[in-house]
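Enquirer: for reference, the sequence and a predicted model appear below.
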Amino acid sequence: MPSIVDQHSHGIGHGDLGLGGFETHLAAAAGATGPAPPGTTYFDSSTGLAVRRWCPPLLGLEPHCAPVRYLARRRELGAYRAGRLLLRGAGIGTFLLEAGAPCGLTSAAELAHTADGRAHEVVRLEPLAEQIADTSGSADSFTAYATEALLAVAKSAVAFSSGVRSCDGTPPEPAEVREAVARWLRARRTGGPLDEPMVARHLLWSAVGTGLPVQLHCRDPRRLARFLCATEGLGTDLVLLPDPGHHRQAARLAAAFPHVYADVGPRPEESLAEAPFGKLLFSTGARTLPELYVVGARSFAQAMGRVMNDWVAEGVCRWAEVGRIVSLVAAGTARRVYRLDAEAAREAG
């Protein structure tokens, strides 16, 4: 497996975690909420089993050791050293970190240092808009500041990201945007989040105008089909980050539009048959726990290995072609879409 590019994650926590704190984050990664059922823990999940399988050896323990023993070893090493061992053992060489993450998580620079790799910022539009709103006295000043901020961010970030769940095929009219911004600024005085769809769509279209790639967090990517169609030919690449259960649809849309790409997460099986391999990208989606980077990378490598073995056995491809297929999904597509080689050359120069 080549050095991997993790095209979407959030960083790791700074402090030590006890069993309760660790399980809270493990539960979130397993898609669960609330306490574990009586007599069980969230180590009793596929994510928990994967942590116990792959992470203890990186901290000097045997695989599948008891959770209590693993967490004791983690505390013995300290959060920083344990995080460093886990991240450097994950096999990820480059991280794309969504900026605007909650307090207490590492920045891109901190993650790069800990992992002894490279890390780049992906700027989430919604938190950026909230920052701009807090310094804007009117709808007109907000739109002006937002344009300036997007152009400034585009000089240093490798991509934008947005949580817009649906978007029309045309940019909102200026009058519509002005009215929506005014409503939102009034609500913002009470601390309200960005919940004006018209403002979010305006920001998304503005981000597309910078030419920087845009990641689209989408519960169901089919709801963005009109937007994908309308942005073809504008010179901006779009990367779909679908919710679980929607990776197949995202891959089909990536196959249908030349400027659209699809995230496969750590389990690429359902995406590989739906789109060219140069349209698919790996990510861990990891947040807070360095263990989740390890689990994501190892799960991806194992899944790719299973699929490639099956394809060779069935005559779908030859072993000579396997390396290129894996390399594209693991790193090559991300390096091209986010222009990471040019970014590295710029940093070196």
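Expert: Right, received. Where do you want to start? Numbering: from 1, shown residues only.

Enquirer: need the strands for the stretch 201-349 of the chain, in chain order.
Expert: If DSSP state E, counting those that start in this stretch is used as the criterion, the strands of the stretch 201-349 of the chain fall at 214-218, 238-242, 260-263, 280-281.

Enquirer: stretch 43-52: how far from the chain's middle?
Expert: When C-alpha coordinates are averaged (Cα atoms, centre = their mean, to the nearest Å), stretch 43-52 and its chain have centres 21 Å apart.

Enquirer: averaged pLDDT, it. What do you get?
Expert: The predicted model gives stretch 43-52 an average pLDDT of 92.

Enquirer: list the buried residues of that stretch.
Expert: For stretch 43-52, the buried set under the neighbour-count rule, 16 or more other Cβ atoms under 10 Å, comprises 43, 45, 47-48, 50-52. (C-beta placed from N, C-alpha, C; glycine too.)

Enquirer: would you turn the residues you listed into CSV with secondary structure and distance to residue 77?
Expert: Formatted as CSV, these follow (DSSP: H, G, I helix; E, B strand; the rest coil; distance: Cβ to Cβ, whole Å):
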residue, secondary structure, distance to residue 77
43, coil, 19
45, coil, 24
47, helix, 21
48, helix, 20
50, helix, 20
51, helix, 16
52, helix, 17
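
Enquirer: out of these, who's nearest residue 263?
Expert: Of all the buried residues of stretch 43-52, residue 263 sits closest to residue 47, with 18.1 Å by Cβ to Cβ.

Enquirer: the nearest residue to that closest one once chain neighbours are set aside - how many residues pack around it?
Expert: Nearest residue to residue 47, sequence neighbours excluded (Cβ to Cβ, 6 or more residues apart in numbering): residue 30, at 4.5 Å. Residue 30 has 17 neighbours, counted by other Cβ atoms under 10 Å.

Enquirer: check residue 30 and give its pLDDT.
Expert: Confidence at residue 30, expressed as pLDDT, is 78.

Enquirer: quick one, phi/psi of it?
Expert: phi -90, psi 0 (degrees, to the nearest 10).

Enquirer: that one against residue 50, yeah?
Expert: No. Taking contacts as Cβ atoms under 8 Å, residue 30 lies outside contact range of residue 50: 10.0 Å.

Enquirer: what ranges in the protein fall below the confidence cut-off?
Expert: Low-confidence segments of the chain, defined by pLDDT under 70, span residues 1-2, 100-103, 191-193, 343-349.

Enquirer: same thing but at 80, please
Expert: Where the chain drops to pLDDT under 80, the residues are 1-2, 18-19, 30-34, 99-104, 188-195, 342-349.

Enquirer: and residue 122, what element?
Expert: With elements delineated by DSSP states H and E, residue 122 resides in strand 118-124, which encompasses its position.

Enquirer: what distance separates that strand from the middle of the whole chain?
Expert: Chain-centre distance of strand 118-124: 10 Å, with Cα atoms, centre = their mean.

Enquirer: contacting residues around it?
Expert: 8, 93-100, 108-109, 111-112, 153, 156-163, 215, 338, 340, 343-344 (Cβ atoms under 8 Å, 6 or more residues apart in numbering).

Enquirer: which of these count as buried?
Expert: With neighbours counted by 16+ other Cβ under 10 Å, the contacts of strand 118-124 contain buried members at 8, 93-100, 108, 111-112, 153, 157-163, 215, 338, 340, 343.

Enquirer: quick one: which of those sit in helices?
Expert: Counting by DSSP state H, the members of the buried ones among the contacts of strand 118-124 that fall within helices are 108, 111-112, 153, 340, 343.

Enquirer: now those residues as TSV including distance to residue 281?
Expert: As requested, those are arranged in TSV below (distance: Cβ to Cβ, whole Å):
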residue	distance to residue 281
108	18
111	18
112	19
153	21
340	12
343	16
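
Enquirer: out of those, which is nearest to residue 288?
Expert: residue 111 (12.0 Å).

Enquirer: need the nearest residue in space to that closest one, chain neighbours excluded.
Expert: Taking Cβ to Cβ, 6+ apart as the measure, residue 111 lies nearest to residue 119, with 4.7 Å between them; neighbours along the chain are not counted.

Enquirer: was I right about residue 151 contacting residue 209?
Expert: No. With contact defined as Cβ under 8 Å, residue 151 and residue 209 do not form a contacting pair (9.2 Å).

Enquirer: helix/strand/coil for residue 36?
Expert: The assignment at residue 36 comes out as coil when based on DSSP: H, G, I helix; E, B strand; the rest coil.

Enquirer: which SSE is the residue nearest to it when sequence neighbours are not counted in?
Expert: Counting by Cβ to Cβ, 6+ apart, the nearest residue to residue 36 once its immediate chain neighbours are dropped is residue 42, at 5.2 Å. Secondary structure assigned from DSSP H and E places residue 42 in neither a helix nor a strand.

Enquirer: burial check on residue 42, number of neighbours?
Expert: Other residues within reach of residue 42, judged by other Cβ under 10 Å, total 22.

Enquirer: might one say that it is in contact with residue 31?
Expert: No. Because the distance of 10.5 Å does not satisfy Cβ under 8 Å, residue 42 is recorded as not touching residue 31.
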